[in-house]
Each structure stands twice: as C-alpha cells, then as structure tokens.
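In: any chance you can model this:
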Amino acid sequence: MANDVQRDPILIIGGFGSNAGQYAALRTMLVTVSGRPTMITPLNLLDWLGVVASDSYGVLLAVLHRTIQATLSAHSAQRLTLVAHSAGGVLARIYLGDKAYGPRKVIFNGRERVRTLVTLGTPHTTTGVGRQAGLNQIRFVQETYPGAYWPYIRYVSVMGKSLLGAARGTPAERGAFRSYALLAGEGAQWGDGVIPLASGLLEGARRVIIPGLRHDPRADQVWYGSTAAIIEAWWEQVTLAEQTA
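Out: So this is what the prediction gives:
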C-alpha cells in the first residue's frame, strides 16, 4: 500500500475565480517536494463565473472528472491525490460523493479514484445560504458528506492563521471580518484573511494550522504555495496521514 501511495499522481484544483496558470509555481515546487507527477485542473475564471448564474458546480465537476481520468491514464495509476485550494476543496468533496447533485442530478463516485484529499484554505462549513460566495455548495457538502466522511479517504485540512477580523481595523482586517461573518456568522475570529479557522478546519481530518499564511496566490503576500518550505510544512502532514491511515 505504501508504494502505491508514493506513486499516486497529484492533481491541483484551483479556487473560485482563479485561472489554472496561477498554480504553476505551486505545481513546480510540489513536484520537487513530493517527488510525484503533478497536474493542474484546467479551470478558468469564466468556468467559475458560470457558477454564479447556474448556482451549480456541474460544469466544473465534468472538467474535474475528465482531468482525473486523463491523469490516471497518463500515469497508469488507479488513484490520485487531490490538492484543492479554497472552493476547489468544496468541488472535490462533491466529486467524491455518491448522492445526486445539481439540476442534472450528476453522480461521479470520485472516491473510487481518489486516495487523499488535501485542502488549502477551503470553506468546509457555513452558517449561511445563498449564491454569494458559493454558500449553497458549501451547505450541500456539509449536510450530505459531513466532516471526513469517507473512512478510506485520507483528509488533510490546511489553514493559515494570519488575520483576526476586526470591524474597525485595517482594510485587510475589515475585509477579513466581512468574509468570516459571511461564512461563519461571526467576523471577530482568526483565519487566513478570507476563510475563518472555524470553517476551514474539517472535522475528522488531519488538521494543519500554519501561522502567517494568507488565502490568495498573490505575489504581495505569503500564501499556501509561496515557497518550498511552506509546502514542505503541510506536505509532511500529508505523508504522515498516508502512512498512518
């Protein structure tokens, strides 16, 4: 089993509103840190904007499914590891499931092709509902597949702790306050500037908190994929999860 895990390819899933190219540096460093082939799901801004109109991840799920099939085929693998950023983690959890989803009632049973799910700043729970910020999609997974739902999937939940939301703080602290409140009903708490710890740490998963990390892959701030040292910090926990599961 250990040798099988070590050969698993890795597929990165980007976050809401992102383009695949934003994760190129993460991919390059993850190849070096993990020693495994790593691909990026080809989702772009227009794909994500379609969610606003449809209130469904249906199109994104189809892209993810095709990419997973192609990745497994290219590397003659049976299962892979998903490294999902932000809303990409919500997408991944829907993909793993066996319940009908969305207007077209799609079912992908992705758990048959995934061995490990690593989430980076993913909003796993919410107190809200609505199309804004993908709240309906988060609500669906937390109610349908609560916590580390599949016992044979290794779940690793990584969160940065960098900003305490403050209604009258700096611009960044005020932005964090609004985002945290939208997701969790309370803005005065810690998180990565977009996702509060209360939402981002999946129940039952191996939880990793890294001080100082911000949410978005931007050049002007330190995020989950900024340096090899940061990636090593959370990938070490992935390796431990794979060894002990």
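In: buried ones in stretch 77-91, by neighbour count?
Out: 77, 79-91 (16 or more other CB atoms under 10 Å). Placement of C-beta: from N, CA and C, glycine included.
In: contacts only, for Gly230.
Out: Heads up, residue 230 is Ile, not Gly. Counting by CB atoms under 8 Å, 6 or more residues apart in numbering, Ile230 touches Ile210, Leu213, Val222, Tyr224.
In: which residue is most remote from the mean position of this protein?
Out: Using CA atoms, centre = their mean, the residue of the chain lying farthest from its centre is Arg168. It sits 29.8 Å away.
In: what pLDDT is listed against it?
Out: The model reports Arg168 with a pLDDT of 97.
In: how close does it sit to Tyr180?
Out: From Arg168 across to Tyr180, the span is 15 Å (CB to CB, to the nearest Å).
In: on that earlier part again, what's near enough to touch the residue farthest from the centre of the chain?
Out: By CB under 8 Å, 6+ apart, the contact list for Arg168 reads Arg174.
In: where does pLDDT dip in this structure?
Out: Applying pLDDT under 70 to the chain flags the ranges 1-6, 245.
In: out of the buried residues of stretch 77-91, which comes closest to Thr28?
Out: Val83 (13.3 Å; CB to CB).
In: quick revisit: between the contacts of Ile230, which is nearest Tyr95?
Out: The closest of the contacts of Ile230 to Tyr95 turns out to be Tyr224 (CB to CB; 20.3 Å).
In: identify the residue nearest the closest one in space, chain neighbours excluded?
Out: Using CB to CB, 6 or more residues apart in numbering and skipping the chain neighbours, the partner closest in space to Tyr224 is Leu120 (4.1 Å).
In: what about the one you found, how many residues nearby?
Out: The tally of other residues near Leu120 (other CB atoms under 10 Å) stands at 32.
In: and Ala166, by the same measure?
Out: Ala166: 14 surrounding residues under other CB under 10 Å.
In: tell me the secondary structure for it?
Out: coil (DSSP: H, G, I helix; E, B strand; the rest coil).
In: pull the contacting residues for it.
Out: Residues counted as contacts of Ala166 (CB under 8 Å, 6+ apart) are Glu173, Arg174, Ala176, Phe177, Gly187, Ala188.
In: how near is the last one to Arg207?
Out: Computed as CB to CB, the Ala188 to Arg207 distance reads 21 Å.
In: tell me what Arg154 is bridged to.
Out: Thr116 (DSSP bridges).
In: surely it and Thr119 touch.
Out: No: shown here, Arg154 and Thr119 do not form a contact pair, counting by CB atoms under 8 Å, at 11.7 Å.
In: between these two, which one's more packed in?
Out: Thr119 (29 against 22).
In: the more buried one: what secondary structure?
Out: What three-state DSSP gives for Thr119 is strand.
In: residues touching it, list them.
Out: Ala84, His85, Gly88, Gly89, Ala92, Tyr155, Val156, Ser157, Val158, Gly200, Leu202, Ala205.
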